[in-house]
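Chemist: Okay, structure incoming, though there's no sequence with it:
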């Protein structure tokens, strides 16, 4: 079982862990933004916008790369859950930044990336559209947070309970159970 597992490529692992850091940072920054009216708010917003666009770009890049197959003896409901959760991750990693960009466009706020690059508005100015998108962005952030917690729980389940090599396939560094990818 463990000997049959292959590790993700170094690029896949790097993208995974970079995105994990970005998404966790984004969730904490988002919480800080909605719970603060202090001058820190503007600093958080100036980080939140380009980080969201970076997550969008990284998610699109990551879509190009597949994943090693799941263990053959993994129960079918767990396989289905794994596939559905990964689809949900990609939907959220792509939709959340686009919704945020649309929300800012509807409020006529600029999306400024690092280096002063301004992204164009993607939607017309509209207070009602801004409110709708703000609510969607806000509540989907909770869905993303729940999905992150579920993902961590699943990783721990594979690492500590099943010990089936799934965790080792994405571990940032090889573990004693990891097998090198086939060439």
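Modeler: Structure received. All values derive from a computational prediction rather than experimental measurement.
Chemist: list the buried ones in the host helix or strand of residue 58?
Modeler: Following DSSP states H and E, one finds residue 58 within helix 40-62. For helix 40-62, a neighbour-count test (16 or more other Cβ atoms under 10 Å) marks 44, 47-56, 58-59, 62 as buried. C-beta: built from backbone N, CA, C; applies to glycine.
Chemist: what about residue 11, which SS state?
Modeler: Three-state secondary structure (criterion: DSSP: H, G, I helix; E, B strand; the rest coil) places residue 11 in helix.
Chemist: gap between the nearest residue to it once chain neighbours are set aside and residue 93?
Modeler: Closest residue to residue 11 apart from its sequence neighbours, by Cβ to Cβ, 6 or more residues apart in numbering: residue 65 at 6.9 Å. For residue 65, the distance to residue 93 (Cβ to Cβ, to the nearest Å) stands at 14 Å.
Chemist: So which of these two has more stuff around it?
Modeler: residue 93 (22 against 12; other Cβ atoms under 10 Å).
Chemist: Compute the number of surrounding residues for residue 8.
Modeler: Using other Cβ under 10 Å, residue 8 is surrounded by 19 other residues.
Chemist: Helix, strand, or coil at it?
Modeler: With three-state DSSP as the criterion, residue 8 reads coil.
Chemist: In this model residue 167 seems to touch it, though I could be wrong.
Modeler: No - with contact defined as Cβ atoms under 8 Å, residue 8 does not reach residue 167; the gap is 11.4 Å.
Chemist: tell me the secondary structure for residue 124?
Modeler: coil.
Chemist: residue contacts, it?
Modeler: 105-106 (Cβ atoms under 8 Å, 6 or more residues apart in numbering).
Chemist: Next: residue 16.
Modeler: Contact analysis of residue 16 by Cβ under 8 Å, 6+ apart lists 8, 62, 170.
Chemist: separation between the last one and residue 151?
Modeler: Yep, that's residue 170 we're talking about. Taken as Cβ to Cβ, the span from residue 170 to residue 151 is 10 Å.
Chemist: what's the closest non-adjacent residue to residue 126?
Modeler: Nearest one to residue 126, counting by Cβ to Cβ, 6+ apart, is residue 106 at 5.0 Å.
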